[in-house]
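>>> All I have is the shape, not the residue letters:
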């Protein structure tokens, strides 16, 4: 079987996350999906130089923000200015975006069900609120993968202990949207190692019982 014409590139960048008066050191996953000619960046975190280098001479179709927390968007305007690519964000997270970039708005809204195409491969937008109101995941069925941002990690849901988040909502999003995907779907997360839907789905009731 001929492999898909697109590939997934991965960077880990380091910086800080700030919200509710606190600041924490974080390492972020930056994902690039594309072929030799064009690509999307998913979450332009911290290091614009490294991201632009990874893009190379490809045309950048867009900078997709899985949500508006500052550690996932801090380098987005710089990457956009240097490549001419638009920044895509769900409107429900514009309140978070403006905390970091009050003078630079996103360029295009993301909506549930949107389909973005790169190298002939489709990325479907899944609105998965909970970690933040406008959190989204990107499902690439042809690659059997989903980019989950901070909605789902290896070992549980994303954090919901800060402003604009809801544990009940993130559990519903994971149950209804992510656990409806094929079990062997690879979950490429916003931080840390990938996992599989099949490995996380059996633990949903445990997470609910812990209520974290």
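Done, it's in. Nothing here was measured: the structure is a model prediction, and the numbers come from that model. Residues are numbered from 1 along each chain as shown.
>>> contacts and neighbour counts: CA atoms only from here.
OK.
>>> name the helices or strands packed onto the helix or strand of the chain with the lowest mean pLDDT?
Across the helices and strands of the chain, mean confidence by mean pLDDT, DSSP states H and E is lowest for helix 204-210: a mean of 93. With contacts taken as 3 or more Cα pairs under 8 Å, 6 or more residues apart in numbering; DSSP states H and E, helix 204-210 sits against no other helix or strand.
>>> Give me the residues contacting that helix.
Contacts of helix 204-210 from elsewhere in the structure, counted by Cα atoms under 8 Å, 6 or more residues apart in numbering, are 156-157, 171, 175.
>>> buried sites along that helix?
Using 16 or more other Cα atoms under 10 Å as the test for burial, helix 204-210 gives residue 204.
>>> pretty sure residue 28 contacts residue 191?
Yes. The pair residue 28 / residue 191 is scored as a contact, 5.0 Å apart, by Cα atoms under 8 Å.
>>> Just among the contacts of helix 204-210, which is most surrounded?
residue 171 (25 neighbours; other Cα atoms under 10 Å).
>>> burial measure for the spatially closest residue to residue 145 that is not a sequence neighbour, as a count.
Sequence neighbours aside, residue 186 is the residue nearest to residue 145 in space, at 4.5 Å (criterion: Cα to Cα, 6 or more residues apart in numbering). Residue 186 has 22 neighbouring residues, counting by other Cα under 10 Å.
>>> hmm, who's touching the one helix or strand residue 123 maps to?
Secondary-structure assignment from DSSP states H and E places residue 123 in strand 121-127. In this structure, residues lying in contact with strand 121-127 by Cα under 8 Å, 6+ apart are 4, 6, 110-117, 134-142, 173, 177.
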